[in-house]
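J.: fold the following and give me the result.
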Amino acid sequence: MTLPVVKGASYSMVHAPELAMHYGTTPATERQARPDSDFLKEFKSHLRSFEEAVAYPPNQVYIGNLFPDDLLHVPRPWYSSDVTAAPTGKYGLILAEDEFLAAMKIADSFDLVRLDNSFARNVVPRIEALGLFTREETGRITPAAQEKIESLLRDHVAVALHFEGRIVGCIRQAHATDPALDAHIMLENLAAKASGLVVMRTLFRKTRAKPEEIDYILETSEEACGDMNQRGGGNFAKAVGEMAGCVNATGADVRSFCAGPVHALVMAAGLVQSGIFRNVIVMAGGTTAKLALNSRDHVKKGMPVLEDMLGMFAIWVGENDGRNPVLRTDIVGRHTIGSGASPQAVMQAIVGAPLERAGLKIGDIDRFAPEMQNAEITEPAGAGDVPKANYKMIAALAVKKGEILKSSLDSFVAEHGVPGFAPTQGHIPSGVPFIGPARDAILKGIFRRAMIIGKGSLFLGRMTNQFDGISIVMEANPGLEKTVTAPAEIEAVDDYSIRQLVAQAMRAVAAQMLRGMEVPGGEERVH
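T.: Down below sits the predicted model:
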C-alpha cells in the first residue's frame, strides 16, 4: 500500500464585524455584565470596512495571494500596510457579511433564518455573482416581513441578524423548550454549516475534485449540533456534504479543541492508505463565538478589531498519484496520556519522537507549522507570538539532542518557522492553514518536508487536565515507482494469492475445531 497524498486545499474567509460585535463571546459577555462599559462604547468605531479587511496582509496570505514568508517583508503594523489586495485568491475568497447572511439562509434546512424584504432583494444579485450557488439555491432567499421579524425578536424566540448597523433579519429557535436548539446556538451552528459549505464549494472550484467522487468527510470545527438528549451528536460533515453535492459520501465530526483538524488529517490519511476510501475531505467552518476574542485589548490599544474574520478550510486527501506530496503515516507524532504536560515533554512527543523513529533529525523538516495564530492579534493581549514560541521550543529540543548549537537557535527559528497568519479561532490556525502553501512549495521544489502540528487544551472542557497534540509530515512525492510504502514492510503479493492464503488458514482452523483439538494460540479446547 502506498502513502496517501494531499491533492488540494482551499481556504476562505468571511468579514463579519456585526456578528463579532453581537455574538463574539468577549463583547457579548461584556454586554451582559457591564452594558455601559467604555469598551462597548468604543467597540464600533474600531471595526474595519470590508475593503480594509481584504487589504490586511495576513488575510491575503490565507486566501493564497501571498506566501506566508511575504509577511516578513511587510512592515508592521500590518493593518496599516498598503499591499495589493483582492477578495479572491488562489485558495478561496473573502465574503462580505451580507453575502454570508444570504449563505446562512441557503444553508438553512428548517426555515429558521428570516431576512427582510429590502435586504433579501439587494443581496440576491451579489450572492449569485459569487458563482458558488445555483439559481435554485439563491431562490431560497425569500423575503420576510419586517413586522414578523420584529415579532419574533420581541417574543424572545429569535436572535437578530445585523448589517451596516441595522437589523436585517433573524434566526429563530428550533424548539420551544430544548436549550440545545435555542436561537443563539442555531446561529452558531448555521454559521459553521454555511461557512463550511462555502469552502467545500470553493475546493471543488479550485481543484479537480468532483463532489460525487468524495467518499468520506471529516468535519473539524469547534461547534456541536444536537438536541438536549445528545448534545454534540452531529453530524456537520453530512449536513455540509449534502448541500455540497457529495451524494456518494458519508462522514463524521472530529473534535479535540484546536488539535481536531490534525487528528482528522491523520484519520483521513489512514482511511485512504488502507483502501477503505479513495477520496476524503477534511474541512471546517468558522466559529462565531471566537470572533473579537481579544478585542478588549485591541480597542484599549487603539487598534482595529482584527478578529472580525471567520476562517474556514477544506483539504482533499486522496490516493497516491505519483505527483502530490505524500502524508507520511509512518511519521505521526502524538501526545499520549502518559507523555507529560511540560513544553519539553509535549515537543518531544509530537516532534522529536516520531522523527527519531523514522531516522530523521529535527533539521530534516524544512518547515514546521504548529499553532499559526497571527501575532499581531495575540501580542496585544499578552499571549506573545505563538508560532515563534513553538519554533523556539522545537529549536531548544534540537539543541538538547545535540543536532544544533545553542548559538544557532535563532537562525533555526528563522529558517524552519512560518509567520503566523490565521484567524485565532482555535481549530483554524492549528497547523492546517499551511498545508496549501506547503503543498505548492513542495511541488515547486522549494523545500521537501513540512510537519503539520495540532495542539489542543483539553482542560478547557473541565473533563480532564490533559493537554493534546498530534503531528504528521508532508513530503515530496518520490513518484509511484519509488514511492514510500506503508509502515509495515510486507512482501508484495497479488490479491488472488492473499485470498488463497486466507482461505487455507480458515480451512485449517475449521478442521482443528471439528476434531475438538486446541486451536493454536488458544487457551481452551473446543468441544
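J.: chain neighbours aside, what residue packs nearest to residue 327?
T.: By the measure of Cβ to Cβ, 6 or more residues apart in numbering, the closest residue to residue 327 outside its immediate chain neighbours is residue 269, 4.2 Å from it. C-beta coordinates here come from the backbone N, C-alpha and C atoms, glycine included.
J.: what of residue 117?
T.: Closest residue to residue 117 in three dimensions, ignoring its sequence neighbours and counting by Cβ to Cβ, 6+ apart: residue 143, at 4.1 Å.
J.: for the one you found, give me the pLDDT.
T.: pLDDT, residue 143: 95.
J.: in the sheet, who's paired with it?
T.: When bridges are assigned using DSSP bridges, the partners listed for residue 143 are residue 115.
J.: these two touch, right, it and residue 122?
T.: No - applying Cβ atoms under 8 Å as the test, residue 143 and residue 122 come out as separate, 10.3 Å apart.
J.: ok, residue 14 to residue 337 distance?
T.: When Cβ to Cβ, to the nearest Å is the yardstick, residue 14 and residue 337 sit 37 Å from each other.
J.: more neighbours: which of the two?
T.: Counted by other Cβ atoms under 10 Å, residue 14 and residue 337 do not tie: residue 14 has more neighbours, with 30 against 8.
J.: who's in contact with the residue nearest to the more buried one when sequence neighbours are not counted?
T.: Excluding the flanking residues, the one nearest residue 14 by Cβ to Cβ, 6+ apart is residue 310, at 4.1 Å. By Cβ atoms under 8 Å, 6 or more residues apart in numbering, residue 310 lies in contact with 13-14, 16, 19, 100, 191, 195, 285-288, 291, 423, 425.
J.: for this protein, which helix is longest?
T.: Of all the segments of type helix in the chain, defined by DSSP state H, the longest one is helix 183-206.
J.: could you give the mean pLDDT of the next helix or strand after it?
T.: Scanning forward in sequence from helix 183-206 by DSSP states H and E, the next helix or strand is strand 216-219. With pLDDT averaged residue by residue, strand 216-219 scores 98.
J.: again with stretch 444-458
T.: The predicted confidence, averaged over stretch 444-458, sits at 95.
J.: mind listing what's buried in stretch 37-53?
T.: 39-40, 43, 46-48, 50, 53 (16 or more other Cβ atoms under 10 Å).
J.: ends of stretch 289-306, what's the gap?
T.: Stretch 289-306 has an end-to-end distance of 15 Å (Cα to Cα, to the nearest Å).
J.: my bad, stretch 131-142
T.: End-to-end distance for stretch 131-142: 19 Å, by Cα to Cα.
J.: contacting residues around that stretch?
T.: Identification of contacts with stretch 131-142 by Cβ under 8 Å, 6+ apart yields 102-103, 105-106, 108, 115, 120, 123-124, 127-128, 198, 201-202, 205.
J.: how distant is it from the center of its chain?
T.: Averaged C-alpha coordinates place stretch 131-142 at 26 Å from its chain's average position (Cα atoms, centre = their mean, to the nearest Å).
J.: circling back: can you tell me the element the residue nearest to residue 14 falls in?
T.: Following DSSP H and E, the helix or strand that holds residue 310 is strand 309-318.
J.: check which strands are paired with that strand and give the direction for each one.
T.: When pairing is defined by DSSP bridges, strand 309-318 lines up against strand 5-15 (antiparallel), strand 279-284 (antiparallel).
J.: give me the distance from that strand to the chain's centre.
T.: The gap between where strand 309-318 is centred and where its chain is centred comes out at 6 Å by Cα atoms, centre = their mean.
J.: and the angle for that strand with helix 183-206?
T.: Angle of strand 309-318 versus helix 183-206, following axes from the mean of the first three to the mean of the last three Cα atoms, to 10 degrees, is 50 degrees.
J.: just the helices in the stretch 251-400 of the chain please.
T.: Listed in chain order, the helices of the stretch 251-400 of the chain (DSSP state H, counting those that start in this stretch) span residues 260-274, 295-300, 343-347, 353-357, 375-378, 386-400.
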